[in-house]
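S.K.: need a 3D model of the following:
(chains A and B)
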Amino acid sequence: MNSCRMLTLAAFLVPLAAHGQERPSFVTYNHHMEEPGALEVGLNPLFGTQRGGGSFLGAWIELEYGVKGWWTMEVYLDGQTTRGHGSAFTGFRWENRWRPLMLEHKVNPVLYLEYASLNEADKTMREVVGHDVEAEHAEPLDVTRHEHEHELEAKLILSSSVKGWNLAHNWIAEKNLGGGAWEFGYAVAATRPFTLAATSRPCRFCAENFAGGVEVYGGLGDTDSFGFKGTSHYVAPFVSWELPGGTTLRLSPTFGLNGKSHRFLLRFGIAREVALGRGRR
Amino acid sequence: MARVCGATAVALVACAPLAGSEVAERPSGIAAAPASASALRNPYDGDREAVGAGRKLYGAQCARCHGERGEGVGRAPSLLSEAVRHASAGALFWFLTNGDLRRGMPAWSRLSEPRRWQIVAYLRSLDQTSK
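M.R.: Numbering: from 1, shown residues only, chains lettered A, B, ... in the order given. Model (predicted):
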């Protein structure tokens, strides 16, 4: 499936929507779960520069469903197109998040488990782990699309609400089920709405509809060589805009922090929530 | 290290079914609000602008389940019930913040504190108009 087909599919899905609740950050998760019985449909393109290769556009379609108040499930369909190399569907991911504690605490843990069936051509960069570096993305698509991987990924998500801010920290562990070491990564984010209180008037461009913040993420090596050596890291300010009709738009320019990182990435996201039924689950 | 990571992954899977069991013995819903929360006062008490803002927030976040006027839809209870009308503003705020995840009420801590208080102000106005 190429990017054009993914965009077309999303265009059909998006108008079904009701109200968006997408988190503003792209990589870092917080403890807020999808509402029970609600399905969120999103499209998230990622433009990236590439030294030693063509610039690329990765994208994922996201289907996020609130199974229970404490359990959210997501399916992702990934694809990419690389300048001069063509396009490819790169695989899917199935993710589950569970909140083990039913009440709000100073630090709220969430357990995350994901199975991914991807090929090496995947460039969505939904997380950075191990020794993920820019040079890997320079390999030709005709080669990487035939290298298939089954991965298991676990995250410990820790999230706090402090004076209008949400502070979130993710510890990531990923394992290629075909063999190899466990790979580790991290992501941290601070997010805040532009204004804390709402106004009574309907408005589209007022500050209350915007939230912003910054996230930092990167790899931490693997079980054979844990640490920062040979890893890539990024800093990414982000902003989200919740339109009154229910669409959430997100934007995040991302900057590499060392020579192993892509110099620049630009993430964009559009999401809407589809109400599959009324009442609680 | 690999053994530790493997054990972590197994623990993640094993813990999942336990989710939801934390408060099995506790009172549920608004009744579970601790006394300290119930004693909180709404900083927007008597603020008509806050009621209007709460109405807007309610329409965007709550009406889908609880109905346009809080009458309740499906399994989502009416917000005009005695339990809600007699609950203190602080208890309503606590319940909005924590939700009742086992019974499908989301935690609205994703909304800032002022916005949750604005919704409480609107719920109180529903109480007055329904009398």
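
S.K.: which stretches of chain A form helices?
M.R.: A:3-13, A:141-144 (DSSP state H).

S.K.: looking at these, which has the lowest confidence?
M.R.: Ranked by mean pLDDT, the helices of chain A end with helix A:3-13 in last place, scoring a mean of 47.

S.K.: part of a helix, is B:Ala60?
M.R.: Yes - B:Ala60: assigned to a helix according to DSSP: H, G, I helix; E, B strand; the rest coil.

S.K.: separation between the residue nearest to the spatial centre of chain B and B:Ile119?
M.R.: Central residue check for chain B by CA atoms, centre = their mean: the C-alpha nearest the mean position is that of B:Leu96, 2.2 Å away. In this structure, B:Leu96 and B:Ile119 are 6 Å apart, going by CB to CB, to the nearest Å. In this view, the C-beta of every residue, glycine as well, is placed from N, C-alpha and C.

S.K.: what's next to the lengthiest helix in chain B, contact-wise?
M.R.: Scanning chain B for the helix with the most residues, using DSSP H, yields helix B:113-129. Taking contacts as CB atoms under 8 Å, 6 or more residues apart in numbering or on different chains, the residues outside helix B:113-129 that touch it are A:164, A:196-198, B:42-45, B:47, B:50-51, B:53-55, B:57-58, B:61-62, B:69-70, B:79-80, B:84-85, B:89, B:92-93, B:96-97, B:108, B:111.

S.K.: buried residues, stretch B:32-47. List them.
M.R.: Of the residues in stretch B:32-47, B:32-33, B:37-38, B:40, B:42, B:44 count as buried by neighbour count, 16 or more other CB atoms under 10 Å in any protein chain shown.

S.K.: shaky segments in the chain?
M.R.: No chain was given, so I picked chain A. Filtered on pLDDT under 70, chain A yields the residue ranges A:1-21, A:277-281.

S.K.: ah, no, chain B please
M.R.: Flagging of chain B using pLDDT under 70 yields the residue ranges B:1-27, B:127-131.

S.K.: OK, contacts around A:Ser25?
M.R.: A:168, A:189, A:191, A:213, A:215, A:236, A:238, A:252.

S.K.: ok, A:Thr124 next?
M.R.: Applying CB under 8 Å, 6+ apart, the residues contacting A:Thr124 are A:44, A:46, A:58-60, A:76, A:78, A:80, A:90.

S.K.: for it, give its distance to chain B.
M.R.: From A:Thr124 across to chain B, the span is 22 Å (CB to the nearest CB, to the nearest Å).

S.K.: from A:Gly48, how far off is that residue?
M.R.: Distance, A:Thr124 to A:Gly48, using CB to CB: 10 Å.

S.K.: what do these two both touch?
M.R.: Counting by CB under 8 Å, 6+ apart, the residues touching both A:Thr124 and A:Gly48 are A:Gly58.

S.K.: top of the contacts of A:Thr124 by neighbour count?
M.R.: A:Gln80 (29 neighbours; other CB atoms under 10 Å in any protein chain shown).

S.K.: what residues are up against that residue?
M.R.: For A:Gln80, the contact set (CB under 8 Å, 6+ apart) comprises A:3, A:56-59, A:87-88, A:90, A:121-124, A:141.
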